[in-house]
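*Asks:* Dropping a prediction and its sequence here:
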Amino acid sequence: MLRLSRTARLMLISVVCLILLFMYVPLFVLILNSFNESQISGWPIRGFSTKWWEFARTYKPIRDALLNSVLVASGSVIIASILGTLVAFAMKGFTFFGKGTVNILVVLPIALPGVVTGVAFSNTYSNFLSPTGFNIGYFGMIVAHATFCIVMVFNNVFARLRRMNPNLQEASADLGAGLWQTFRLVTFPQFRTSFAAGALLAFALSFDEVVVTIFTAPPGIDTLPLWILKEVGRPNQASVVNVVATVVIVLSLVPVYISQRLARAQENEN
Amino acid sequence: MLCLLQGIGFRLARPSQHAVRVLFPAFTVPLQRVGMSCLAGNCTVWRPIMRISPAEYSFCVAIIEIRHLAKTFGAVKAVDDISLDIESGEFITLLGPSGSGKTTVLRMIAGFEDPDGGTIHLNGTEITHLPPFDREVNTVFQDYALFPHMTVQDNVEYGLRTRKVPKAERAEQARQAIASVKLEHARERLPHQLSGGQRQRIALARTLVLRPKVLLLDEPLGALDRQLREEMQVELKTIQRDAGITFVFVTHDQEEAMRMSDRIVIFNEGRIEQVGTPEQVYERPATKFVAGFLGSANIVSGESAQKLFGHSKTVSIRPERIRLKPSSYTPTPDETALPVVVNEAAFIGANTVYLVDTDHGIVLSISKTNEELLGQDNRFVPGDRVLAVWRNSHTVVIPA
C-alpha cells in the first residue's frame, strides 16, 4: 500500500471531491428539474410538483420510444453476441489467410464516426435494397447498431479466450466429453463473464446511439435518444425530458452494478 | 514370443494374461486373482505368483502398439518413425531432453495431435485418428488442467458425467476417489483454493475414478517442489502397482524415471535411442547419446580409444566405477589400470569428484563416495600421481 502524508491525502481527497462534483452536479440539477412545476427547466426552482412525472407516465410517445430503444438494443446485442463470439473463436483457434485483415475489419466500426456509418447504411438501404423491392425498415436500424456492438463482444471474449488454458478443453475431451459438451460445461463457463460484460457494454452503446439511428431509423419511429433530441427542441415540454432522463439515470445503475459484480466474479476465476 | 507370432501373422485380438498361459505352456506365468481396494474403488488385478521381473512379464500383453509413428510441425520432424510396444500393467517412462518428441508421442496416444504417419493400436483396436473422447486412455496434465469454475467434487465427477453415470452413483464414486487421495475435506473447494500437491492429487483422482486401462502422465510432478515430488513419486508408483494400470509417464528428470519405471524409453531428436529397464539403459547404453544422457559417463572414442584400449570403438566408463589407487598398487588381471595425474578434486557432499589427466591427454572424471570424515580419509590432491583402476567388465562398448 502506498503511504501518503497527511497533506497529500487531504489534497487528493479535495481533488477527487471536486471532480465528482463536476460530474454529478449537472445530473442533480436535472433530477431536481424533473420536479419543476414550470414548463421549462430553470434555476432556482420556484415550485415543486410531480405533474411532469404524471404526464410522462401516460404519454404514449415516450413509451413507444423506450420500447423501440430496448428492442433495437436487444436485437443488435443478440446478433453481436453470436457473431462476435464466433469471430473470437475463429481468431483464437485457427490460422488462416487474411486473419489480420479480418481482425481489423471487425474492430474498425467502433472507430468509424457514427456519421460515416449512418450515411453508408442509409445509402445502402435506399439505393441498393429499396430498388430491389426489399424494404429493410426497422431491422435496418438493428443491423447498423450490430456492426459496432460486435466489437464489444469480440474484444471481451477474444481477450478471455487468449488467457484461457488450452489444456482445459483437451482435459474435457480426454475425460470423454464431446465437442458440444465441452463447450457447454467447460469453454462457455470460462468466458461467460467476459461475454456478459461485452454484451452489456454493447447494449449501452446501442441504447444511447444517436447519429447512426438518425440515418437508419425508418420514418416516424423514434428511439429514446431521438425522442429526447426532438423534445429539447420543443421548449414547451422541456421538463418532461428531465423526467425521462432521471429514469434513465436510475436504470443505468443496474448495468453498472452488474458489470462490477461480473468483474469481481472474473477476478475470482483467475 | 507373442511378438514372434505376430510376425508370422498370428494375432490375439484382445490378449490377456489368461490367453498367454493357455496358448503358450512354455511361457506359463501362474496368475493369481487379487481383489483389492484401490484408488479407483474395488478392482480386480491379475498378478503373477512367481516373482518375475516386469520386463519379462511384459512380454505377455502389449496394450499399446505404436508403429512407424511420425509427426512434423512445420519443418521440424518432432516424431520420426517411432515404433514401440507398451505392455499391459507396466510403468513405462518416455525420457528425453525437451524437444525430443516424448510429449508429442504422448499427445498422439491421447488423441490431441493427429499423426502424419504410422498407427497406434490400443488393445488390438486401431485408434490412430480417433478423437480423444473415443479413446479409453486418460491424461494427467503437467498443469493439472482442473476446471477452475468447478468444485473438486464436480471436477472428479466430470468423466462420470460425460459417461452418463446416474447422479447419486457418480457422486459416491467421486467421493471415494477423493477420499483415497485424502482430500475429503476439500471436496467443495475450488481448484485455486488448493495447493500444488493437492491439485496434483485431484487431477489424479479425476482420471482414476474412470478406471482407465492406460494412464498418460505428462510431467505431472514438474511443478512440485523437491520434497513433495519425491513423496508423490512413491505414491504414484504405489497406485500404479495396486491398481494394475498401465502408466505412460513423460519426464525429463532421469532420476525420477529410474526410480519409478519398469522400462524407460529414451528419446532424442524425435527418435527412440534405446528401450530397456533402468539397469539396462544405465549399464548397457546402446548409443553414445544414452551413455551421456543418463548419469555421467567417460565416453572415449576414436583416436583416444585407440591409445587406451587398442581399438577405435566408442567406450563408456561410469565415474563411480573407477577407483584411484596409489602408484604402488598392482592391478589384478581383470582390471584396467592407467597412470594419471589428479587435476582437480571437488568435494560435493556425498561424493568427491576428481578430474584426472591420463598420459594421452584424456581427461577422466571419477566419483568417489566420501565414506570417512574429512581429514580421516586418504583423499588425493591435485598434482598427485596415481592409478585409475577399474574392472574390465566396467568398460562398456557402445554398439552405435
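*Replies:* Everything's here; your move.
*Asks:* Just to be sure, B:Glu65 is in a strand?
*Replies:* Yes - secondary structure of B:Glu65 (DSSP: H, G, I helix; E, B strand; the rest coil): part of a strand.
*Asks:* where's it relative to A:Leu10, distance?
*Replies:* Per C-beta to C-beta, to the nearest Å, B:Glu65 is found 77 Å from A:Leu10. Heads up, the C-betas are built off the backbone N, CA and C, glycines and all.
*Asks:* tell me the pLDDT at residue 204?
*Replies:* Reading this off chain A. Per-residue pLDDT puts A:Ala204 at 90.
*Asks:* Chain B is the one I meant
*Replies:* For B:Leu204, the predicted pLDDT is 93.
*Asks:* do the same with B:Lys167
*Replies:* 94.
*Asks:* and it, backbone torsions?
*Replies:* B:Lys167 adopts backbone torsions of phi -50, psi -50, taken as degrees, to the nearest 10.
*Asks:* What parts of chain A come near chain B?
*Replies:* Within chain A, the residues that sit near chain B (C-beta under 8 Å from any C-beta of the partner chain) are A:165, A:167-168, A:170-178, A:181, A:185-186, A:189-190, A:269-270.
*Asks:* Filter those residues down to just the ones in strands.
*Replies:* Counting by DSSP state E, no part of those is found in strands.
*Asks:* In helices, which of those appear?
*Replies:* Using DSSP state H, the subset of the residues of chain A next to chain B located in helices is A:Asn167, A:Leu168, A:Glu170, A:Ala171, A:Ser172, A:Ala173, A:Asp174, A:Gln181, A:Pro189, A:Gln190, A:Glu269.
*Asks:* Can you get me a residue count around B:Thr287?
*Replies:* Neighbour count of B:Thr287, defined by other C-beta atoms under 10 Å in any protein chain shown: 17.
*Asks:* Give me the buried subset of the residues of chain A next to chain B.
*Replies:* Taking 16 or more other C-beta atoms under 10 Å in any protein chain shown as the criterion, what is buried in these is A:165, A:167-168, A:170-177, A:181, A:185-186, A:189-190, A:269.
*Asks:* who's in contact with residue 152?
*Replies:* Assuming you mean chain A. A:Met152 makes contacts with A:Ala80, A:Gly84, A:Ile110, A:Gly198, A:Ala199, A:Leu201, A:Ala202, A:Leu205, as judged by C-beta atoms under 8 Å, 6 or more residues apart in numbering or on different chains.
*Asks:* Switch to chain B, please.
*Replies:* Applying C-beta under 8 Å, 6+ apart to B:Val152 gives the contacts B:Ile178, B:Leu183, B:Ala186, B:Arg187, B:Glu188, B:Arg189, B:Leu190, B:Pro191, B:Leu194, B:Ile202.
*Asks:* Return the distance of the last one relative to chain A.
*Replies:* Okay, so that is B:Ile202. Distance of B:Ile202 to chain A, computed by C-beta to the nearest C-beta, to the nearest Å: 12 Å.
*Asks:* Same check on the fifth one?
*Replies:* From B:Glu188 across to chain A, the span is 15 Å (C-beta to the nearest C-beta).
*Asks:* ok, that residue to B:Gln200 distance?
*Replies:* Counting by C-beta to C-beta - B:Glu188 and B:Gln200 are separated by 19 Å.
*Asks:* Count residues in the vicinity of B:Thr224, would you?
*Replies:* Residue B:224: Leu, not Thr. Counted with other C-beta under 10 Å, residues neighbouring B:Leu224 total 18.
*Asks:* quick check, it in a helix?
*Replies:* No - remark: B:Leu224 does not belong to a helix; assigned using three-state DSSP, it is coil.
*Asks:* Tell me where the model's unsure across the stretch 301-400 of chain B.
*Replies:* For the stretch 301-400 of chain B, the stretches with pLDDT under 70 are B:374-378.
*Asks:* Would you map the helices across it?
*Replies:* Using DSSP state H, counting those that start in this stretch, the helices of the stretch 301-400 of chain B run over B:302-309.
*Asks:* Which part of it gets nearest to chain A, residue-wise?
*Replies:* At 36.1 Å from chain A, B:Ala400 is the closest residue in the stretch 301-400 of chain B, using C-beta to the nearest C-beta.
*Asks:* nearest residue to that residue other than its sequence neighbours?
*Replies:* B:Thr287 (4.5 Å; C-beta to C-beta, 6 or more residues apart in numbering or on different chains).
*Asks:* for whichever strand or helix holds B:Glu231, packing partners?
*Replies:* According to DSSP states H and E, B:Glu231 maps onto helix B:226-243. If contacts are counted by 3 or more C-beta pairs under 8 Å, 6 or more residues apart in numbering or on different chains; DSSP states H and E, helix B:226-243 sits against strand B:31-38, strand B:41-48, helix B:196-208, helix B:254-260.
*Asks:* Restricting to C-alpha, output that helix in CSV.
*Replies:* The C-alpha atoms that make up helix B:226-243 are tabulated as CSV, following Å, rounded to 0.1, in the frame of the first residue of the first chain:
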residue,chain,number,x,y,z
ARG,B,226,11.5,-31.5,-4.5
GLN,B,227,10.3,-33.0,-1.3
LEU,B,228,6.7,-33.2,-2.4
ARG,B,229,7.8,-34.6,-5.7
GLU,B,230,9.6,-37.4,-4.0
GLU,B,231,6.5,-38.2,-1.9
MET,B,232,4.3,-38.2,-5.0
GLN,B,233,6.8,-40.5,-6.8
VAL,B,234,6.3,-43.1,-4.2
GLU,B,235,2.5,-42.5,-4.1
LEU,B,236,2.2,-42.8,-7.9
LYS,B,237,4.2,-45.9,-8.0
THR,B,238,2.0,-47.5,-5.3
ILE,B,239,-1.2,-46.5,-7.1
GLN,B,240,0.1,-47.9,-10.3
ARG,B,241,1.1,-51.2,-8.8
ASP,B,242,-2.0,-51.7,-6.7
ALA,B,243,-4.5,-50.7,-9.4
